[in-house]
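1. pasted the sequence and its predicted model underneath.
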Amino acid sequence: MATIREKIRTLSQSRLVSIDDQVKVVATERISPSFQRVALRGACLSAYDTVRPADGFKIELGTPEAFAIRGFTVRRFDPAELTLHADVHLHPHSPSAAWAQDPDLDRPLRFLGFRRDFAIGDGVEQHVLVADASAIPAVATILEAIPSDHRVVVVAEAPAEQDLALLGAGRHVEVRPVVGAPSVGVDSPLATAARDLATGPEAQYWVSAESSTVRAIRRHLLDGGVPRGHLHATAYWIAGTTSTQRDAREAVAYTRAVEAGLDVDDPQVYDLLEFDGDAAAGAPDAARSAAGDRART
C-alpha cells in the first residue's frame, strides 16, 4: 500500500500541471489579524484542472524595493473565473506581506506552479498535522480534504488566536493551539508542543514550519517510532535567510543532486538536502548516501 511519501513522489513526478505565465491581482482583503487574502486571475490557470490540498506555487513579486520570488498555497480556485485565492501571512518586514496589502492591480506578475505537497496514504484513517503560521493556509486545505470519519490532531501556531479560525476545523479535528511569535528551533513553543504528541505507526504525519523547528519535530517523530514513509516534513522558511537567498542555495544543491543521478522529486532526497546536512555543500555526499540507501531497498 502506498504511503504519503510515495504518493507525493508520484504526484510530483507526473508533472500534470506546469505553468510559467502571467496573472494579475484582482482583489485583496484582510481575513484575520495576520492574514491577507489575495485573488489572482489569468488565462494560464485554465491548465489547473486538478486541484489538490496544499498545492503550492510561486509569484515573482518584483517589488520596487527588490526582486523577490515568494511561495504560496492555493486556498481556493474558481475554474469558471480562472481565479485563484491565496492567504498571505503578514510576517513583519516581509516583501510578500507588503505586496499583499497594496498590490499593483495593473501590473502582470509571473506565476510559477504547481508543487504537490499532500496526499492520503492507503489505509490511513488517522492524521497528525503540525504547522506554524506560514503553513496555516495549507493545513486549512488539507482539513477540507480529509474525510470526516478520520481522526485528526492539529498542532497549529499563529500570532493571534483569531488566525486559527481560518482552519475551519470540524468535529473530527482536535486543534492544539500555540499562540505567539514564530517558533525557531528545538526548544521553541511549536517544537515543545509537538513533543507531547503520541507517536506510532498508525497515523500519517505532515509537518511544515521553519527549518530548524521542522528538523527538531521530525527527529522526535522518527525517534518515537513513526515510519519514514508515514512522515512528510517540509521547511517553509529558514530563520535568518530570505526566500531569495534560500532559492539560490537550493538551486545549487538540487543541480548537484540531479548531476549525481538523484530524483529530486523523491521526498527522501528532499530530506537529505534540507534536514540531513548543508543544502549547498552537502549535496554530493547526500546524493551518494541516498543512492546507496535506494540500492539496498
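-> In hand now; what should we look at? What you see is a predicted model, and the numbers here were worked out from it, not measured in a lab. Numbers count the residues shown, from 1 in each chain.
2. would you check that residue 168 makes contact with residue 145?
-> No: under the criterion of C-beta atoms under 8 Å, residue 168 lies out of contact with residue 145, with a separation of 11.9 Å. Using the backbone N, CA and C atoms, a C-beta is placed for each residue, glycine as well.
3. and residue 60, bridged to which residues?
-> Residues in a beta bridge with residue 60, per DSSP bridges, are residue 69, residue 110.
4. you'd agree residue 12 is in a helix?
-> Yes: remark: residue 12 belongs to a helix, assigned using DSSP: H, G, I helix; E, B strand; the rest coil.
5. my guess is it meets residue 116, correct?
-> Yes: the pair residue 12 and residue 116 passes the contact test of C-beta under 8 Å, sitting 5.3 Å apart.
6. please say which of the two ends up with more neighbours.
-> Legend: neighbour count by other C-beta atoms under 10 Å for residue 12 and residue 116, higher for residue 116 (23 against 19).
7. tell me the spacing between that one and residue 9.
-> 9 Å (C-beta to C-beta, to the nearest Å).
8. low-confidence regions, this protein specifically.
-> Low-confidence regions of the chain, defined here as pLDDT under 70, cover residues 15-16, 62-66, 276-297.
9. and the longest strand for it?
-> With DSSP state E setting the assignment, residue counts place strand 19-32 as the longest strand in the chain.
10. pairing partners for that strand, with directions?
-> Strand 19-32 pairs in its sheet with strand 35-41 (antiparallel), strand 109-115 (antiparallel), by DSSP bridges.
11. number of nearby residues for the residue nearest to residue 201 when sequence neighbours are not counted?
-> In space, not counting the residues next to it along the chain, residue 201 is nearest to residue 227; the distance is 5.5 Å by C-beta to C-beta, 6 or more residues apart in numbering. Taking other C-beta under 10 Å as the criterion, the count of residues near residue 227 is 14.
12. hmm, residue 227 is touching residue 202, no?
-> No: with contact defined as C-beta under 8 Å, residue 227 does not reach residue 202; the gap is 10.2 Å.
13. quick revisit: can you give me the buried ones in the longest strand of the chain?
-> Of the residues in strand 19-32, those with enough neighbours to count as buried (16 or more other C-beta atoms under 10 Å) are 19, 23, 24, 25, 28, 31, 32.
14. count the residues that sit near the closest residue to residue 159 other than its chain neighbours.
-> On the basis of C-beta to C-beta, 6+ apart, the spatially nearest residue to residue 159 that is not a chain neighbour turns out to be residue 34, at 4.6 Å. Applying other C-beta under 10 Å, we find 20 residues neighbouring residue 34.
15. report the contact partners of residue 34.
-> Contact partners of residue 34, counting by C-beta atoms under 8 Å, 6 or more residues apart in numbering, are 89, 90, 133, 158, 159, 160, 163.
16. distance check, it against residue 251.
-> From residue 34 over to residue 251 the distance is 30 Å, taken as C-beta to C-beta.
17. now stretch 122-129 - C-alpha only, CSV.
-> What follows is the C-alpha trace of stretch 122-129 in CSV, where atoms were taken according to Å, rounded to 0.1, in the frame of the first residue of the first chain:
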residue,chain,number,x,y,z
ASP,A,122,-3.6,3.9,1.6
GLY,A,123,-5.4,2.6,4.6
VAL,A,124,-4.8,5.7,6.7
GLU,A,125,-7.6,6.9,9.0
GLN,A,126,-5.5,9.0,11.5
HIS,A,127,-3.6,12.2,10.7
VAL,A,128,-1.3,14.5,12.7
LEU,A,129,-0.6,17.9,11.2
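18. and stretch 167-180, what's buried?
-> Neighbour counts using 16+ other C-beta under 10 Å place 167, 169, 173, 178 of stretch 167-180 among the buried residues.
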